[in-house]
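A.B. asks: sequence unknown, structure follows:
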């Protein structure tokens, strides 16, 4: 595709439910990132995938958060037992080494936990 | 203390004004610096990228980096209403995960 796509664009869920957010990176991009953007705050790094290497999970805020990536394509971010503080926009980005610092972002998924 | 500090604004300027947006940082390992523009309910869009101290110009935009002072700036000349957005500075040392400022909301008025 032309850019990074994410689905759903909006997700409203009840506290305690699990949610899955999907990211389709730019074709050929081997690096994929998830960030969280809370209202009025900057982007917060969550997790980074690069090819077949072990992902960098250092930004995941709790064990309720997990992410998977199928090969070098689609990634899914899963939040279990959602809490109200999980409400945020979840952004996915992809890049192509060696220019891993040039990251292209998707439109994000706006998650609201009631 | 946050690794990257950025004035959240909002900043309101008239059309045609020169805009100055700034970030300071504390981590001397940061070597690559970026500015992103984010329109409401959209993902961030890369505007400028630089990795050395000094100025880099692209059209109406100039990015400035001063590593000795740990200070970066983005200047917008002849600002337009279409420049109204949130501007995020970002930086990295390892060329992987980015550390972002909180963003400055800019409003350019007619």
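C.D. replies: Yes, it's here. Small disclaimer: the values here were computed from a predicted structure and weren't measured.

A.B. asks: pull the number of nearby residues for residue 52.
C.D. replies: Here I'm looking at chain A. 9 (other Cβ atoms under 10 Å in any protein chain shown). C-betas here are computed from N, CA, C, even on glycine.

A.B. asks: actually chain B
C.D. replies: The number of residues packed near residue B:52 is 11, by other Cβ under 10 Å.

A.B. asks: just give the nearest non-adjacent residue to it, would you?
C.D. replies: residue B:65 (6.8 Å; Cβ to Cβ, 6 or more residues apart in numbering or on different chains).

A.B. asks: now do the SS call for that neighbour.
C.D. replies: Following DSSP: H, G, I helix; E, B strand; the rest coil, residue B:65 is assigned to strand.

A.B. asks: contacts only, for the residue nearest the centre of chain A.
C.D. replies: Geometric centre of chain A, nearest residue: residue A:34, 3.2 Å, by Cα atoms, centre = their mean. Counting by Cβ atoms under 8 Å, 6 or more residues apart in numbering or on different chains, residue A:34 touches A:23, A:45, A:46, A:47, A:48, A:67, A:75, A:77, A:90, A:91, A:92.

A.B. asks: again, only using 7 Å
C.D. replies: Contact partners of residue A:34, counting by Cβ atoms under 7 Å, 6 or more residues apart in numbering or on different chains, are A:46, A:47, A:67, A:77, A:90, A:92.

A.B. asks: can you tell me how far it is from chain B?
C.D. replies: 10 Å (Cβ to the nearest Cβ, to the nearest Å).

A.B. asks: how about that residue: what's its closest non-neighbour residue?
C.D. replies: Leaving aside its sequence neighbours, residue A:34 sits nearest to residue A:46 (Cβ to Cβ, 6+ apart; 4.2 Å).

A.B. asks: dump the residue contacts of that neighbour.
C.D. replies: Per Cβ under 7 Å, 6+ apart, neighbours of residue A:46: A:34, A:35, A:36, A:59, A:60, A:65.

A.B. asks: re earlier: give me the subset of the contacts of residue A:34 lying in strands.
C.D. replies: Among these, the residues falling in strands (DSSP state E) are A:46, A:47, A:67, A:77, A:90, A:92.

A.B. asks: surely the third one meets residue A:75?
C.D. replies: It stands for residue A:67. Yes. With contact defined as Cβ atoms under 7 Å, residue A:67 and residue A:75 form a contacting pair (6.1 Å).

A.B. asks: same question for stretch B:58-71, mean pLDDT?
C.D. replies: On average, the pLDDT along stretch B:58-71 is 95.

A.B. asks: sort out which residues of that stretch are buried, please.
C.D. replies: Across stretch B:58-71, burial judged by 16 or more other Cβ atoms under 10 Å in any protein chain shown covers B:61, B:62, B:63, B:64, B:65, B:67, B:70.

A.B. asks: now the last one: how far from chain A?
C.D. replies: By that I understand residue B:70. 17 Å.

A.B. asks: which bits of chain A sit near chain B?
C.D. replies: Taking Cβ under 7 Å from any Cβ of the partner chain, the part of chain A that reaches chain B is made up of A:33, A:41-43, A:45, A:48, A:56, A:59, A:91, A:100-103, A:105-108.

A.B. asks: go again with 8 Å.
C.D. replies: A:4, A:31, A:33, A:35, A:40-45, A:48, A:50, A:56, A:58-59, A:91, A:93, A:98, A:100-108, A:110 (Cβ under 8 Å from any Cβ of the partner chain).
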